[in-house]
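S.K.: Here is a sequence together with a model predicted from it:
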Protein chains: 2
Amino acid sequence: MVMRDDASAPSAGRATAEALERRIQFALEADRLKSVIRRTRLVDGSRHENSAEHSWQLGLLAMLMADAAPPGVDHARVIRMLLIHDIIEVDAGDTFAFDTSGYLDKADREQAAAARLYGILPGEQGDELRALWEEFEVGESPDARFAVALDRFQPLLLNFYGGGGSWREHGIGRSQVLRRMGPIEHGAPALWPFVLNVIEQACALGWVREDGE
Amino acid sequence: MVMRDDASAPSAGRATAEALERRIQFALEADRLKSVIRRTRLVDGSRHENSAEHSWQLGLLAMLMADAAPPGVDHARVIRMLLIHDIIEVDAGDTFAFDTSGYLDKADREQAAAARLYGILPGEQGDELRALWEEFEVGESPDARFAVALDRFQPLLLNFYGGGGSWREHGIGRSQVLRRMGPIEHGAPALWPFVLNVIEQACALGWVREDGE
């Protein structure tokens, strides 16, 4: 690696250099998130989005929609959670929201990925970020519920304003979309009426299938 | 748009719906940042990166490298600054770091972009985010200096660990890289020895031209 390995340097200096190396290695592994392709398309429909730019847009939405969260949410923490929430995908891949078979071993794949990836970081930092990711996955704390709500809301925006997007592409039905968007109702309650309205319109336009549920 | 326009709704409700519409419109405009292509390549060299995923990686680096900042930096604020710092590029485009002619009208193009884009948001929020972007551009506050340092550090990582990247592609010289990386010395002092070391090695490997300065 590029740092000087000088045995005569004070040990604090060596520890810092080693910590920096590990953080850089983690950032370089995370770079592969730019090559993890999601099913959602950009609003202009030109291509599918990747998980890195998706994560950026979630951080942005957390800034923009802060007042849609229930009281007590720690917004800075939500943004940090969203920036790392998909990093395990560089090992585990993205699982399409409506792919039921892919979900069967999703948890195992993601736990192995988290162990390897967060293990690259210096101990305490790795533990802290892994715990933040776990909290998102469990989705029960107020911070995680708001973060999960935004993670559902963003593809809804891209699909709706992109003319149907992955809903149309994969013939997704109303009940599937409603279930998928469900966490928004309590995680970001101020967005819920808007979401229901979008689903109504998407069904009326034929972008989401009426599946009789 | 998709919100109900119900004149009998309480005015607070209408104001909220309008604010939500404007935030969504801003997020949709910002989606175009995924199509603004930078000169830097992904670490694996497969393609150039776009400004949306670049912004995500800066947010991530701000989390990882928090202790490389001088004391007094507000880290949550730096992350927010980094998430929005390039949004004006959806109108103004990305200006290559080593393109001197492109820099001549950069400020004008970017001010016009900021006026239009941040003008989409509800007044107070638009003003706040525009001010945060201006602070980054001016680059003088401790938060902005750390943010700018990371904005220089990230392409250094991609170029170096990607085998020379845009340095080699454009025949960039040592003095140009040193000037470009200069803000790291005081903005993120703990990273500076690493940066100097990388530049030395990149020169020794012939990835950065020795330009005799």
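M.R.: Structure received.
S.K.: How many residues are close by the nearest residue to residue A:121 once chain neighbours are set aside?
M.R.: Beyond its immediate neighbours in the sequence, the residue positioned closest to residue A:121 (C-beta to C-beta, 6 or more residues apart in numbering or on different chains) is residue A:26, lying 5.2 Å away. Using the backbone N, CA and C atoms, a C-beta is placed for each residue, glycine as well. Here the count is done by other C-beta atoms under 10 Å in any protein chain shown, and residue A:26 has 23 residues near it.
S.K.: quick one: contacts of the strand ranked longest in chain A?
M.R.: Identified as the longest strand of chain A according to DSSP state E is strand A:37-41. Here strand A:37-41 makes contact (C-beta atoms under 8 Å, 6 or more residues apart in numbering or on different chains) with A:47-51, A:54, A:94, A:96-97, A:154-155, A:158-159, A:162, A:165-166, A:169-170.
S.K.: If we use 10 Å, what do you get?
M.R.: A:47-51, A:53-54, A:86, A:89, A:93-99, A:154-159, A:162-167, A:169-170, A:172 (C-beta atoms under 10 Å, 6 or more residues apart in numbering or on different chains).
S.K.: Could you list the alpha-carbon positions for that strand in PDB?
M.R.: C-alpha atoms of strand A:37-41 as PDB (Å, rounded to 0.1, in the frame of the first residue of the first chain):
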ATOM      1  CA  ILE A  37     -27.900  -2.200 -11.200                       C
ATOM      2  CA  ARG A  38     -31.500  -1.800  -9.800                       C
ATOM      3  CA  ARG A  39     -34.700  -2.500 -11.600                       C
ATOM      4  CA  THR A  40     -35.800   1.100 -11.400                       C
ATOM      5  CA  ARG A  41     -35.100   3.400 -14.300                       C
END
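S.K.: Quickly run through the sheet partners of that strand, with directions.
M.R.: Using DSSP bridges, the strands paired with strand A:37-41 are strand A:48-50 (antiparallel).
S.K.: Show me what the least confident helix or strand in chain A by mean pLDDT is packed up against.
M.R.: Of all the helices and strands that make up chain A, helix A:11-30 has the lowest average by mean pLDDT, DSSP states H and E, namely a mean of 84. Where contact means 3 or more C-beta pairs under 10 Å, 6 or more residues apart in numbering or on different chains; DSSP states H and E, helix A:11-30 is packed against helix A:89-92, helix A:106-118, helix A:123-138, helix B:51-64, helix B:142-161, helix B:192-204.
S.K.: CA atoms of the third one as CSV?
M.R.: Below are the C-alpha coordinates for helix A:123-138, written out as CSV (Å, rounded to 0.1, in the frame of the first residue of the first chain):
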residue,chain,number,x,y,z
GLY,A,123,-13.0,-2.3,14.8
GLU,A,124,-15.2,0.3,16.4
GLN,A,125,-16.1,2.1,13.2
GLY,A,126,-16.9,-1.2,11.5
ASP,A,127,-19.1,-2.2,14.4
GLU,A,128,-20.9,1.1,14.4
LEU,A,129,-21.7,1.2,10.7
ARG,A,130,-22.7,-2.5,10.7
ALA,A,131,-25.1,-1.8,13.6
LEU,A,132,-26.5,1.2,11.7
TRP,A,133,-27.1,-1.1,8.6
GLU,A,134,-28.7,-3.8,10.9
GLU,A,135,-31.0,-1.2,12.3
PHE,A,136,-32.1,-0.2,8.8
GLU,A,137,-32.7,-3.9,7.9
VAL,A,138,-34.8,-4.6,11.1
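S.K.: Can you give me the buried ones in it?
M.R.: Neighbour counts over helix A:123-138 (16 or more other C-beta atoms under 10 Å in any protein chain shown) mark A:125, A:126, A:129, A:130, A:132, A:133, A:135, A:136, A:137 as buried.
S.K.: ok, now the shortest one?
M.R.: By neighbour count on 16+ other C-beta under 10 Å, the buried set for helix A:89-92 is A:89, A:90, A:91, A:92.
S.K.: contacts for it?
M.R.: With contact meaning C-beta under 10 Å, 6+ apart, helix A:89-92 is reached by A:29-36, A:38, A:50-52, A:54-55, A:86, A:95, A:105-117.
S.K.: could you flag which of those are buried?
M.R.: Buried members of these, scored by 16+ other C-beta under 10 Å, are A:29-36, A:38, A:50-52, A:54-55, A:86, A:95, A:109-110, A:113-114, A:117.
S.K.: give the contact list for residue A:176.
M.R.: Listed by C-beta under 10 Å, 6+ apart, the contact partners of residue A:176 are A:97, A:98, A:167, A:170, A:208, A:209, A:211, A:213.
S.K.: ugh, wrong one, I meant residue A:122
M.R.: Contact analysis of residue A:122 by C-beta under 10 Å, 6+ apart lists A:15, A:16, A:18, A:19, A:20, A:21, A:22, A:23, A:26, B:64.
S.K.: How confident was the prediction at it?
M.R.: Predicted confidence (pLDDT) for residue A:122: 96.
S.K.: measure it to residue A:17 for me?
M.R.: Per C-beta to C-beta, to the nearest Å, residue A:122 is found 11 Å from residue A:17.
S.K.: For the least confident helix or strand of chain A, output the C-alpha coordinates as CSV.
M.R.: Backbone C-alpha positions of helix A:11-30 (Å, rounded to 0.1, in the frame of the first residue of the first chain) are rendered in CSV as follows:
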residue,chain,number,x,y,z
SER,A,11,2.6,4.0,17.5
ALA,A,12,-0.3,6.4,17.5
GLY,A,13,0.9,7.5,14.1
ARG,A,14,1.1,3.9,12.9
ALA,A,15,-2.4,3.2,14.2
THR,A,16,-3.8,6.2,12.3
ALA,A,17,-2.1,5.2,9.1
GLU,A,18,-3.5,1.7,9.4
ALA,A,19,-7.0,3.0,10.1
LEU,A,20,-6.7,5.3,7.1
GLU,A,21,-5.7,2.4,4.9
ARG,A,22,-8.7,0.4,6.0
ARG,A,23,-11.1,3.2,5.5
ILE,A,24,-9.7,3.7,2.0
GLN,A,25,-10.0,0.0,1.2
PHE,A,26,-13.6,0.1,2.4
ALA,A,27,-14.3,3.2,0.1
LEU,A,28,-12.8,1.4,-2.8
GLU,A,29,-14.9,-1.8,-2.2
ALA,A,30,-17.9,0.5,-1.9
